[in-house]
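> Model the following, please.
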Amino acid sequence: METSKLTLLTTTHRIAPGLLSWPAWQALHGAPLVLAADREHPQLPALAQAGIKVEQIERTSAPALARELTERAPLVFLGGQDGDPGLTDALARIAVEHAGEAPEIELLPGSYDLPGARLLDLVAVMDRLRSPGGCPWDAEQTHDSLVKYLVEEAYELVEAIEEGDRATLREELGDVLLQVFFHSRIGEEHAEDPFSIDDVAGDIVDKLVYRHPHVFADSDAETTDQVEANWEALKAAEKQDRESVLDGVPSGLPALAYAAKLVSRVRRADFTGVPDAPYELPAELTEESAGALLLAVVQRAHDARVDPDAALRRAARGYRAAVRAAEGLAD
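Numbers count the residues shown, from 1 in each chain. Purely as a prediction, here's the structure:
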């Protein structure tokens, strides 16, 4: 006696309805019966257009649903959007308890999430929060009002990286990612010059492809130095309208990072019009002489391939730990 088959067809709402695998369409067209327990399933209109009749059954407990499916097999069951919690476990118990009598069970992915699919969920969440009936606080935010949160989240991410806390790193990456999606959603609402998260992503993809000709084109770059040289040449070609080697360096950077960026630009341009700051401790430390000394340290750190901002943070953390240890406190 031939064993009947119970096919569990799974899909994802993140793929457009109707875009199913060929085995899924074969199973649907060849099935004597197609069942579903989700009247709002996004695939239902596409299946109806394809001439596939879907019978709706009541949404019951997992054991009850498993019994109904096994008793009515052969059939295809269109899995719910929530994954039908407990259904596969209930079917497994039936298969064990009724070995030889239970139908063959096949799990057939009709569509599945590609890498990055959950980003679509973040787009949907932001749309909901900013739309009428969403969150009043989120709806009131602007690019300007979110700046402080963007800066704060960036620093929290830096701290997580430096502390090596992977759980916190993952969380803080999410917070920074939210800022990108939040600003993009606000940008989409601009009356005269709107842009969406797709525009933002498209721009950075184009930039990365353009600036990596050794990967996406026929340019050669076998070393890191060659890659950096190509990168700078391409950037220079893009920014030909800049009058100064320092154009484009944001003055809002923290002082140490700002100085490091300026020094990096000057060094890369081989600009020699301004001498380095004197690297010596003055007899009397004033605001001016202290600034010159700090700038000199930044210049020499750059030449030694040392990130002065990271170096100072590391030293500050060590100093903090030493003070707390002297106080008899655990860090």
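> Quick one: neighbours of residue 5, just the number.
15 (other CB atoms under 10 Å). Using the backbone N, CA and C atoms, a C-beta is placed for each residue, glycine as well.
> just residue 84 next, same as before
Neighbour tally, residue 84, other CB under 10 Å: 20.
> Contacts for stretch 38-51 next, please.
With contacts defined as CB atoms under 8 Å, 6 or more residues apart in numbering, stretch 38-51 is touched by 11, 13, 17-18, 20, 25, 28-29, 34, 36, 54, 56, 59, 78, 80-81, 110.
> Got a quick ChimeraX command for the buried subset of those?
Selection of buried members from those for ChimeraX, criterion 16 or more other CB atoms under 10 Å:
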select :11,13,17,20,28,34,36,54,78,80,110
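> For stretch 261-271, give the mean pLDDT please.
Stretch 261-271 shows a mean pLDDT of 79.
> can you point me to the longest helix in the protein?
The longest helix of the chain (DSSP state H) is helix 166-188.
> Can you list the buried residues in that helix?
169, 172, 175, 178-179, 181-188.
> who does it touch, helix- and strand-wise?
When contacts are defined as 3 or more CB pairs under 8 Å, 6 or more residues apart in numbering; DSSP states H and E, helix 166-188 packs onto helix 118-130, helix 143-163, helix 197-210.
> Just the C-alpha atoms of stretch 278-296, please, in PDB.
Below are the C-alpha coordinates for stretch 278-296, written out as PDB (Å, rounded to 0.1, in the frame of the first residue of the first chain):
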ATOM      1  CA  PRO A 278      57.100  71.300  17.900                       C
ATOM      2  CA  TYR A 279      57.300  68.100  19.800                       C
ATOM      3  CA  GLU A 280      58.600  69.300  23.100                       C
ATOM      4  CA  LEU A 281      57.100  70.200  26.500                       C
ATOM      5  CA  PRO A 282      57.100  74.000  26.900                       C
ATOM      6  CA  ALA A 283      58.400  75.600  30.100                       C
ATOM      7  CA  GLU A 284      55.000  77.100  30.800                       C
ATOM      8  CA  LEU A 285      51.900  75.200  29.600                       C
ATOM      9  CA  THR A 286      49.300  77.600  28.300                       C
ATOM     10  CA  GLU A 287      46.200  76.800  26.200                       C
ATOM     11  CA  GLU A 288      48.100  77.600  23.100                       C
ATOM     12  CA  SER A 289      51.200  75.600  23.900                       C
ATOM     13  CA  ALA A 290      49.100  72.700  25.200                       C
ATOM     14  CA  GLY A 291      47.200  72.700  21.900                       C
ATOM     15  CA  ALA A 292      50.400  72.800  19.900                       C
ATOM     16  CA  LEU A 293      51.900  69.900  21.900                       C
ATOM     17  CA  LEU A 294      48.700  67.800  21.500                       C
ATOM     18  CA  LEU A 295      48.800  68.500  17.700                       C
ATOM     19  CA  ALA A 296      52.400  67.400  17.600                       C
END
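> Any buried residues in it, and which?
For stretch 278-296, by 16+ other CB under 10 Å, it's 289, 292-295.
> Out of these, which sit inside helices?
Reading helices off these with DSSP H, I get 289, 292-295.
> Identify, from the residues you listed, the entry nearest to residue 146.
Nearest to residue 146 among those is residue 294, at 31.1 Å by CB to CB.
> ok, that closest one - contacts?
256, 259.
> if I look at it, how far off is residue 263?
11 Å (CB to CB, to the nearest Å).
> Which residues does the longest helix of the chain contact?
Counting by CB under 8 Å, 6+ apart, 122-123, 126-127, 130, 138, 141-143, 146, 149-150, 153-154, 156-157, 159-161, 194-197, 199-200 sit against helix 166-188.
> buried subset of these?
Buried among those by 16+ other CB under 10 Å: 122-123, 126, 130, 138, 141, 146, 150, 153, 157, 160, 197, 200.
> What count of nearby residues applies to residue 301?
20.
> Go through stretch 4-14 and flag the buried ones.
6-14.
> closest to residue 278 among these?
When the buried residues of stretch 4-14 are compared against residue 278 (criterion: CB to CB), the nearest one is residue 14, at 59.7 Å.
> Skipping its backbone neighbours, what lies nearest residue 28 in space?
residue 52 (5.2 Å; CB to CB, 6 or more residues apart in numbering).
> My understanding was that the one you found contacts residue 29; is that so?
Yes: the criterion here is CB atoms under 8 Å, and residue 52 meets it with residue 29 at 6.9 Å.
> how far away is residue 30 from residue 73?
14 Å.
> related to what we said a few turns ago, could you pick out which of the buried residues of stretch 4-14 are located in strands?
Counting by DSSP state E, the part of those found in strands is 6-10.
> Residue 281: which of these is nearest?
Nearest member of those to residue 281, counting by CB to CB, is residue 10, at 69.0 Å.
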